[in-house]
Each structure stands twice: as C-alpha cells, then as structure tokens.
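K.L.:
Sequence and predicted structure, then a few things I'm wondering about:
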Amino acid sequence: MSYAIELVDEIVERSQAILADKPVKGRAQLFKSYAITNFRGGIGKSTLSFNLAYEIAQDHRTLLLDTCSQRNFTQNLLGDDISLAEKTIYDVLVREVAGAGAVDPEELLLSVKASCAPFKSGKPVYLVPGSTELYLFPSLLYSTLAQYKLIQQTDLREETSRRVINAVKTAVEVVSGRAKPEKILIDTSPFFGGATHLAWAAADALIIPVRVDQHSIEALRQTLQMLSDKKQDFHRFNEQAGIDHQPVVHAVVMTHCGWNRQKANTPDSSTRYFVEKAVEIAGEFSDYFSEENVGDCFYLLDDFHSSGRISGKQRIPLSELQSGKKYIVEGQRLEVNPSVDRYKKEMQNLAYDL
C-alpha cells in the first residue's frame, strides 16, 4: 500500500468521524490570517469563503478582505448595500503603489452585521470590499515593480518595492485599530498576478480549495510551485523588496466530493482517486505545509448541489439552511438537498481548525 493511499485512508476516517459527531484531533498550529487561494475558477471558492467567514465570525472578531475582481465575496456579504462601498481595496492598493498614503479606515471598513442578517448572531465582523477595477491592477503592479528594479541604490530599491508588495498587509494594519480582528480572511482571485500576490504577502497561511477533477488537481500543483519555486514571480519580486516572508499551506479543501451510496459517509471511487492525486502532489511540497503529515491538512466537503446556489444568491450560510426547504433562485424553484447537513459539520470542523 502506497503512502498516499494510507494518508487517504486517514483522511476518510477523520471525515467519517466528523460526520458521525465523534471527536477528532485538532490542529497543532493555528494562525491569525488566511488567504483563500487557487489558480482555477468554478470550484466553489466564493461559497467556501462566504460560509467560512460566517463560521469563524461566530466565535472571533473577524476582518474580511476581498481582493478578487469578480467581488462575489463582497456581493454575498453586502447585497444591495454594496453601493455603500465608497472606498475599496483597490483604492488602498493604488495609493500604496503611488506612495500617496493610506486610506481613512472609516471610509474603508464596512460592518457585515449591518448588511447580512445571519451574521448578526456572531462577533463583530468587518469587510474591506473588493472592486471590479482590480482587473486593471496587475499591469500597474508589475510595471511599477519593473521601474523600481532599475533603482541602483539597494536600500531605496527595497524600500519602494516593499511598500508596494506589502500593500494588502498595510491595509490590514490601517483598519485593525478599529476592527480589532482576532482572525483575518482574504478572498483572492483564481490567478496569481496582482492582488493575489499581495494577499499571499499579507497572509500567515493559505487555504487552497481543490475541486475533485483533473483541472483542479493541475491547478493545485501550479499553486504549490508558485509558493516553492524561487524563480517564480512570488519569490523574485519579494526578493527585490527584501521580503523573506511566505505563507504556509494550512488546508487543502477538496470540494464537490461525491459519496458511495452503499457505504455511509464513504467517498465514491472518483472522489477518492482525485483526493489521492492531491495528496501525492502535497507530498512533493510537504516542506511548505503547516503539519509534518500533509494528510492532516486535508478536508473533504460535500457536493452541496442546489444548496450552494441558494446560499450564494440568497446570502444565507449553509449552516442556516434546512434540508427540504425550497427557494426561488433566478426563476428556478430549488430545494435544499440533504447533503447540506453533512456540509454543516464539515465546514464547522474546518473553521474550528483555523
């Protein structure tokens, strides 16, 4: 039996214990700030970000940042109140690149409690909203860094480059005086260039969602190569800025997992195959994980079917949905499927380990 197969067995056993409400071992390390990141769209990242934010905010003062140009995270959290976002993360990043100083946190921070009813039951939670203008940011970022690379004086070159690379980190520092976060969650775009790079520079750890399909498995490898290869953009530009920080991988979250109809709480053969492939890749980059046993960093999340669409469009966390209840979404009558009950337990366990 291969090492990867043994780890998959352990992952499945832990998942079964979670679903059976049995105690499981917690994580050895916890961090303050996390970036949810991947190099592929359509894998459930926005649903994961929204629901993970809800679970974390039940127990911790939380700061959320949306660095994705699609700004689905912001839309889910603010709904119609998105018009209140006079300043966004884009304003912060542009000002830092230009050396124009910080944005007033009173203009930047929005209370999620005031805009999304389910969050009212938890601790204070604030959002630095995203912007569609982030599409334009990669070009500005890397052209500026290219100019700074030409500066002959080492100290000045590093200082100016560091200010740019640390722009998201600076945004966190600027608003933390008011938000006083115990946990920080940063949603990123499905590509590395631009604000995702700066989110990695600001985060202590990464949460990587991986859908159980071949394209997502390949995207996982690309993500880990960017994190580890000193010749890749992340390290090249950080070196220019004199920055040696890099986040660790804290969680690989396998999304849209299917389950065996004959064996309760057991992944089907297709899901198991892709989990095994993901574990094999993680093993190649084990030095960049927060646990010595990379299997401890893996989490299985159900294929929530229509419940995910309901959660996003209705802005209701999956933990607040009831199996069998029906909603009208974009003209369709959708029913909350029974798998939502498994998803609640899986998501709560993941949030507990952050």
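P.N.:
Structure's in. What do you need?

K.L.:
Against residue 172, how distant is the nearest residue to residue 133 once chain neighbours are set aside?
P.N.:
Distances taken as Cβ to Cβ, 6 or more residues apart in numbering place residue 90 nearest to residue 133, at 4.6 Å, with adjacent residues excluded. C-beta here means a position set from N, CA and C on the backbone, and glycine is covered the same way. Using Cβ to Cβ, to the nearest Å, residue 90 is found at 15 Å from residue 172.

K.L.:
element containing residue 113?
P.N.:
Per DSSP states H and E, residue 113 falls between elements, in no helix or strand.

K.L.:
so what pLDDT did residue 1 get?
P.N.:
Here the pLDDT value assigned to residue 1 is 47.

K.L.:
Ok, residue 301 next?
P.N.:
For residue 301, pLDDT reads 93.

K.L.:
next one: the one 10 residues further on
P.N.:
With respect to pLDDT, residue 311 scores 90.

K.L.:
that older thread, could you look up the SS state of the residue nearest to residue 133?
P.N.:
Following DSSP: H, G, I helix; E, B strand; the rest coil, residue 90 is assigned to helix.

K.L.:
residues in contact with it?
P.N.:
130, 131, 133, 134, 137 (Cβ atoms under 8 Å, 6 or more residues apart in numbering).

K.L.:
any idea how far it lies from residue 286?
P.N.:
For residue 90, the distance to residue 286 - Cβ to Cβ - is 36 Å.

K.L.:
ranges for the strands of the stretch 201-350 of the chain?
P.N.:
205-211, 248-257, 298-302, 326-329, 332-335 (DSSP state E, counting those that start in this stretch).

K.L.:
nearest to residue 349, of those?
P.N.:
strand 298-302 (7.3 Å; Cβ to Cβ).

K.L.:
so what secondary structure elements neighbour the closest one?
P.N.:
helix 3-19, strand 248-257, helix 269-284, helix 340-352 (3 or more Cβ pairs under 8 Å, 6 or more residues apart in numbering; DSSP states H and E).

K.L.:
still on that earlier bit, the contacts of residue 90 into a markdown table, with extra columns for distance to residue 310 and pLDDT?
P.N.:
Output for those, formatted as a markdown table (distance: Cβ to Cβ, whole Å; pLDDT from 0 to 100):
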| residue | distance to residue 310 | pLDDT |
| --- | --- | --- |
| 130 | 22 | 96 |
| 131 | 26 | 95 |
| 133 | 30 | 94 |
| 134 | 27 | 94 |
| 137 | 32 | 93 |
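
K.L.:
In ChimeraX, select just the buried ones from these.
P.N.:
Buried residues among the contacts of residue 90 (16 or more other Cβ atoms under 10 Å), as a ChimeraX selection:
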select :130,131,134,137
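
K.L.:
The contacts of residue 90 in strands, which ones?
P.N.:
Among these, no member is found in strands (DSSP state E).

K.L.:
Closest one of the contacts of residue 90 to residue 267?
P.N.:
Nearest member of these to residue 267, counting by Cβ to Cβ, is residue 130, at 33.6 Å.

K.L.:
From what I see, that closest one and residue 74 are in contact.
P.N.:
Yes: proximity of residue 130 to residue 74 meets the contact threshold set by Cβ atoms under 8 Å, at 4.6 Å.

K.L.:
Residues in contact with both of these two, list them for me.
P.N.:
By Cβ under 8 Å, 6+ apart, the residues touching both residue 130 and residue 74 are residue 66.

K.L.:
How many residues are close by residue 31?
P.N.:
17 (other Cβ atoms under 10 Å).

K.L.:
and the gap between the closest residue to it other than its chain neighbours and residue 250?
P.N.:
Leaving aside its sequence neighbours, residue 31 sits nearest to residue 204 (Cβ to Cβ, 6+ apart; 3.9 Å). Plainly put, residue 204 is 8 Å away from residue 250 if you go by Cβ to Cβ.

K.L.:
Common neighbours of these two, please.
P.N.:
31, 34.

K.L.:
Now for residue 106: which residues touch it?
P.N.:
Per Cβ under 8 Å, 6+ apart, neighbours of residue 106: residue 178.

K.L.:
Export only the CA atoms of the helix or strand containing it, formatted as PDB.
P.N.:
Remark: residue 106 resides in helix 105-108, with elements defined by DSSP H and E. Provided in PDB are the C-alpha atoms of helix 105-108 (Å, rounded to 0.1, in the frame of the first residue of the first chain):
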ATOM      1  CA  PRO A 105     -10.300  53.300   7.800                       C
ATOM      2  CA  GLU A 106     -13.600  55.000   8.500                       C
ATOM      3  CA  GLU A 107     -14.100  55.200   4.700                       C
ATOM      4  CA  LEU A 108     -12.800  51.700   4.000                       C
END
